[in-house]
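1. Task: produce atomic coordinates for the following.
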Amino acid sequence: LIQTKMKSLVFDLVHEIDILDQVLKNKVAKVSDWFWKKQLRYYIESSTNKAIIRMHDATFEYTYEYQGNAPRLVHTPLTDKCYLTLTQGMKMGFGGNPYGPAGTGKTESVKALAQCFGRQVLVFNCDEALESTSMIRIFIGIVKCGAWGCFDEFNRLKEDQLSAISQQIQIIQDAIKNRISSINLLGRNIDVNYNSGIFVTLNPAGKGYGGRSRLPDNLKALFRPVAMGAPDNELIAEVSLVTEGFTQAKDLASKIVSLFKLSRQLLSQQQHYDWGLRALKAVLNSGGRIIQSYKSQGQIPTKEIESEILIKAVRVNTLSKLTYGD
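-> Below you'll find the model as predicted:
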């Protein structure tokens, strides 16, 4: 538990050092400067003594939901772009729609933003078996308790279901935007908590993702889209290795990212191969566990031992998946 706490503190510290570096680099002198306004900032309102969150011109209440000691997300420029788009969307009364290929951090970004807001976030995996009435029941729960709902792979629902759901989402969003205290869903009067939010993530229709339908235009209009492109794997690997206790993090991060890139390009194309961010994180976590076991035995890993540890982690996580030819 202490180790997870320390990792979270290091993640936050690395991000804050990065912000300060950029503040100096951009010669930020006033609180009205754009670079400062686009950061996620916390304030205590003197009149109400409540904690509030600001990002650009959007203001939100902090809701003190107990999150436990959840693992942190590595902050990259893509995360900042995603946060800014989602907060601006919420200010205008819309939901958020991060879209892009698997392993780009769509769901994780929504979860991390909810953590920053002190909100409870509930992630639901959508598939064809989910009926529109079940979805609306989920919406009722979200609206009543002020949580965020993140509907993963939303475009796996059938098109007729999507149309039925869009009308209900519009009712909820209008209520939050216009501060209407009660709405009618499934013939029941529901009290609205204005801190609730609805987010959806999409994989591209076609492009190797089966069973995905295109979103109807009336549903698209209810969500602010955020294109989640390729994340900065090298930065993510470096920060992860620093928090795990590697001293040669920068050097090792570039090597392991190059290894994954080359594996994607040179090895055969197999359905079960994954050279993306998820597989990279699994290797880094394994490396972290191995280096911690070294340190718990009182050994201090040298530069060579750190490289060996990472090679061992790669072998543990990838050798068993490779085909005989590879």
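
2. What about the residue nearest to Glu159 when sequence neighbours are not counted, how many residues nearby?
-> Nearest residue to Glu159, sequence neighbours excluded (Cβ to Cβ, 6 or more residues apart in numbering): Ser213, at 5.1 Å. In this view, the C-beta of every residue, glycine as well, is placed from N, C-alpha and C. Applying other Cβ atoms under 10 Å, we find 16 residues neighbouring Ser213.

3. ok but Ser213 is inside a helix, no?
-> No - the assignment for Ser213 by DSSP: H, G, I helix; E, B strand; the rest coil gives coil, which leaves it out of any helix.

4. Just name whatever secondary elements the helix with the most length in the chain is in contact with.
-> The longest helix of the chain (DSSP state H) is helix 2-25. Applying 3 or more Cβ pairs under 8 Å, 6 or more residues apart in numbering; DSSP states H and E, we find helix 2-25 packed against helix 34-37, helix 233-244.

5. so where do the strands sit in the stretch 1-150 of the chain?
-> Counting by DSSP state E, counting those that start in this stretch, the segments of the stretch 1-150 of the chain that form strands are 41-44, 51-55, 58-61, 95-99, 121-125, 148-152.

6. my bad, should have said the stretch 201-326 of the chain
-> Using DSSP E, counting those that start in this stretch, the strands found in the stretch 201-326 of the chain span residues 223-227.

7. what residue ranges in it score low on pLDDT?
-> Within the stretch 201-326 of the chain, the set of residues satisfying pLDDT under 70 comprises 205-211.

8. which residue ranges form the helices in it?
-> Assigned by DSSP state H, counting those that start in this stretch, the helices in the stretch 201-326 of the chain fall at 217-220, 233-244, 249-266, 277-296, 303-318.

9. So which of these has the densest surroundings on average?
-> Comparing these by mean neighbour count (mean count of other Cβ atoms under 10 Å), helix 233-244 ranks first with a mean of 22.

10. how far off helix 2-25 does that one point, in degrees?
-> Interaxial angle of helix 233-244 relative to helix 2-25 (axes from the mean of the first three to the mean of the last three Cα atoms, to 10 degrees): 130 degrees.

11. how far off helix 277-296 does helix 233-244 point, in degrees?
-> Comparing the axes of helix 233-244 and helix 277-296 via the same axes, to 10 degrees yields an angle of 20 degrees.

12. What is helix 233-244 packed up against?
-> helix 2-25, helix 249-266, helix 277-296.

13. circling back to that earlier point, isn't the residue nearest to Glu159 up against Asp160?
-> No - in this structure, Ser213 is not within contact of Asp160 by Cβ atoms under 8 Å, at 9.8 Å.

14. what's the neighbour count on the closest residue to Leu186 other than its chain neighbours?
-> Nearest residue to Leu186 in three dimensions, chain neighbours excluded: Ile136, at 5.6 Å (Cβ to Cβ, 6+ apart). By other Cβ under 10 Å, the residues close to Ile136 number 18.

15. wait, Ile136 sits on Gly187?
-> No - applying Cβ under 8 Å as the test, Ile136 and Gly187 come out as separate, 10.6 Å apart.

16. Grab the nearest non-local neighbour of Ser268.
-> Nearest non-adjacent residue to Ser268 (Cβ to Cβ, 6+ apart): Asp326, at 5.9 Å.

17. Could you do Asp232 as well?
-> Thr76 (4.6 Å).

18. again with Tyr294
-> In space, and not counting its chain neighbours, Tyr294 is closest to Pro301: 5.4 Å by Cβ to Cβ, 6+ apart.

19. Then Ala164?
-> Closest residue to Ala164 apart from its sequence neighbours, by Cβ to Cβ, 6+ apart: Ser132 at 4.2 Å.

20. contacting residues for that neighbour?
-> Ser132 sits next to 161, 164-165 when contact means Cβ atoms under 8 Å, 6 or more residues apart in numbering.

21. Pull out the buried residues from those residues.
-> Buried members of the contacts of Ser132, scored by 16 or more other Cβ atoms under 10 Å, are 161, 165.

22. Starting from Asn189, give me the distance back to Ile140.
-> Counting by Cβ to Cβ, to the nearest Å, the separation of Ile140 from Asn189 is 11 Å.

23. which one of these two has more residues nearby?
-> Shown here are Ile140 and Asn189; by other Cβ under 10 Å, Ile140 has more neighbours (17 against 8).
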